[in-house]
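Q: Following is a predicted model, sequence given first.
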Amino acid sequence: LQLVESGGGLVQPGGSLRLSCQAPGYNLTRYAITWFRQTPGLEREGVSCISNLGDSTKYANSVKGRFTISRDNAKDTVFLQMNDLKPEDTAVYYCAADSSLVCVSWPGVYDAWGQGIQVTVSS
């Protein structure tokens, strides 16, 4: 299982981005998916999680009300919609797959990770 993130980039404060997480050739309905982010010099931070069927979600306090996680199991894709972005959201974002199917306590143990994608929020 190999995860691939897309949708990152440079955005101004207050702007929006939508990240995608896919696993070509794999059925992602077998996994809960978590988004993490990491800034150089800081520990990796759990951002959001969605259960395998999409019926349960979890958010870090720092992103509640601004970020929304969702999934389209027909397309084996998980999305992270990020609105009202702030400079402190700047980080490399990773998606991770967990075969336990539900959202676990962070940091947790994961079956696979993506390579990460840069999100930069700057004017």
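A: Looks like it came in fine.

Q: Tell me how far the spatially most central residue of the chain lies from residue 9.
A: Closest to where the C-alpha atoms of the chain average out (C-alpha atoms, centre = their mean) is residue 35, at 2.6 Å. For residue 35, the distance to residue 9 under the criterion C-beta to C-beta, to the nearest Å works out to 16 Å. Placement of C-beta: from N, CA and C, glycine included.

Q: what's the answer for residue 98, then?
A: Taking C-beta to C-beta as the measure, residue 98 and residue 9 are separated by 27 Å.

Q: Comparing these two, which residue is more hemmed in?
A: residue 98 (21 against 12; other C-beta atoms under 10 Å).

Q: returning to what we had before: can you name every helix or strand that the helix or strand hosting the residue nearest to the centre of the chain contacts?
A: Using DSSP states H and E, residue 35 falls within strand 32-38. Here strand 32-38 is seen to pack against strand 17-22, strand 45-50, strand 67-72, strand 91-98 when contacts are counted using 3 or more C-beta pairs under 8 Å, 6 or more residues apart in numbering; DSSP states H and E.

Q: Measure how it sits relative to strand 45-50, angle-wise.
A: On the basis of axes from the mean of the first three to the mean of the last three C-alpha atoms, to 10 degrees, strand 32-38 is oriented at 160 degrees to strand 45-50.

Q: From the chain's centroid, how far away is strand 32-38?
A: Distance of strand 32-38 from the chain centroid (C-alpha atoms, centre = their mean, to the nearest Å) equals 4 Å.

Q: My guess is residue 22 contacts residue 7. True?
A: No - proximity of residue 22 to residue 7 does not meet the contact threshold set by C-beta atoms under 8 Å, at 10.6 Å.

Q: Quick check: neighbours shared by these two?
A: Contact criterion C-beta atoms under 8 Å, 6 or more residues apart in numbering; no residue bridges residue 22 and residue 7 by contacting each.

Q: does residue 29 count as helix, strand or coil?
A: Per DSSP: H, G, I helix; E, B strand; the rest coil, the local secondary structure of residue 29 is helix.

Q: begin at 584 from here
A: With 584 as the first residue, the last one maps to residue 612.
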